[in-house]
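Peer 1: Take this sequence and fold it.
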Amino acid sequence: MHGQVLLLVAHGSRDPRHAATVHALSERVRWLRPGLRVETAFLDFNAPAVPRVLERLAAQGVRDVVAVPLLLTRAFHAKSDIPAVLREASARLPQLRVHQAEVLGPSPLLLSALERRLYEAGLTPGDKRSTGLVLASAGSTDPEAIAVIAEIARELRHTGWCAVRPAFASASLPRTEDAVRELRAAGVRRVAVAPYVIAPGRLPDRIANGAEDADVCADVLGDAPELARLILTRFHAHQEQLAPSMSA
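Peer 2: Residues are numbered from 1 along each chain as shown. Down below sits the predicted model:
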């Protein structure tokens, strides 16, 4: 078998909605690129695990795999967990070349997906000027990841929302409910919460619980078409980087 395989690497969760959402996103990517082989694997909790998928691909004669992390920031999983798993598999499967693409965020496509979910939840573009937005992410102890969320909040503010506050479900502050209260105290008439997460699970549920006093809480990004297009963008960008070395 020839040609590269796109391997979507998700974190995994005990919550069955997580894997179902990841598989739905994988199907959307396949629909966008019918000729591309797309596989899905998980770091933890769900099957198939990353090493098992790579072993199967190697046994089938696949030679090149581009792993696209289903992650929105470059934090611990992107910098440590995924590289370690891929290195270990590469050492055991020398016939298989495994490459890690960049994480999904930041990207204008993610901002478009966020607004899609907000409009699906009941807002309209005309509501932006009177609506304060809470950008609620899972959270991280990585300063780089926290800085990225803060920058995305600033970018969203420039797209017309009357105010934007970042919030975190874990590891960092403020929490979603605190950001909602802060916007209310500032006199914002309408408050919306936009979960900056891909799939349902424990932390997204914590975001939703913290949004109880908001007027609108959007759904997770899930299988938004913008997200599927972004995955292909990361895959193709890595292909272009590899082209010179593969032809040498």
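Peer 1: Okay, buried residues for the longest helix along the chain please.
Peer 2: Looking across the chain with DSSP state H, the single longest helix is helix 225-247. Across helix 225-247, burial judged by 16 or more other CB atoms under 10 Å covers 225-235, 238-239, 242. In short, each C-beta sits where N, CA and C put it, glycine included.
Peer 1: Could you verify my assumption that A138 touches L203?
Peer 2: Yes: with contacts counted by CB atoms under 8 Å, A138 reaches L203, the gap being 4.5 Å.
Peer 1: Comparing those two, which residue is more hemmed in?
Peer 2: When neighbours are counted by other CB atoms under 10 Å, A138 and L203 differ, and A138 comes out ahead with 26 against 20.
Peer 1: still on that earlier bit, which other helices and strands contact the longest helix of the chain?
Peer 2: With contacts taken as 3 or more CB pairs under 8 Å, 6 or more residues apart in numbering; DSSP states H and E, helix 225-247 sits against strand 4-10, helix 16-32, strand 64-69, helix 108-120.
Peer 1: Indicate which one of these is closest to P195.
Peer 2: Taking CB to CB, helix 108-120 is the member of those nearest to P195, at 7.8 Å.
Peer 1: average pLDDT across that closest one?
Peer 2: What helix 108-120 shows for mean pLDDT is 98.
Peer 1: orientation of that helix relative to helix 225-247 in degrees?
Peer 2: For helix 108-120 against helix 225-247, the angle by axes from the mean of the first three to the mean of the last three CA atoms, to 10 degrees is 160 degrees.
Peer 1: returning to what we had before: quickly list what's touching both of A138 and L203.
Peer 2: Shared contacts of A138 and L203, defined by CB atoms under 8 Å, 6 or more residues apart in numbering, comprise 169-170, 197.
Peer 1: Of these, which is the most crowded?
Peer 2: Going by other CB under 10 Å, A169 tops the shared contacts of A138 and L203 with 24 neighbours.
Peer 1: mind listing what it touches?
Peer 2: A169 touches 136-139, 175-176, 203-204, 206-207, 210, counting by CB under 8 Å, 6+ apart.
Peer 1: Quick check: V164 touching E151?
Peer 2: No: at 11.2 Å, V164 does not count as touching E151 under the criterion of CB under 8 Å.
Peer 1: Those two: which has the busier surroundings?
Peer 2: V164 (22 against 12).
Peer 1: residues contacting the more buried one?
Peer 2: By CB under 8 Å, 6+ apart, V164 lies in contact with 132-135, 153-154, 156-157.
Peer 1: Just the buried ones among the residues you listed, please.
Peer 2: Neighbour counting with 16+ other CB under 10 Å marks 132-135, 153, 156-157 as buried within the contacts of V164.
Peer 1: Among those, name the ones in strands.
Peer 2: 132-135 (DSSP state E).
Peer 1: Would you format the residues you listed as a markdown table with pLDDT included?
Peer 2: A markdown table is the format used below for these (pLDDT from 0 to 100):
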| residue | pLDDT |
| --- | --- |
| G132 | 98 |
| L133 | 98 |
| V134 | 98 |
| L135 | 98 |
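Peer 1: Please identify the one among those residues that lies nearest to V188.
Peer 2: Closest approach to V188 among those (CB to CB): G132, at 3.6 Å.
Peer 1: three-state assignment of L123?
Peer 2: Following DSSP: H, G, I helix; E, B strand; the rest coil, L123 is assigned to coil.
Peer 1: what about it, distance to L133?
Peer 2: Distance from L123 to L133, counting by CB to CB, to the nearest Å: 9 Å.
Peer 1: How far off centre is the least confident helix or strand in the chain by mean pLDDT?
Peer 2: Between all helices and strands in the chain, the lowest mean by mean pLDDT, DSSP states H and E belongs to helix 76, at a mean of 80. How far helix 76 lies from its chain's middle: 14 Å, per CA atoms, centre = their mean, to the nearest Å.
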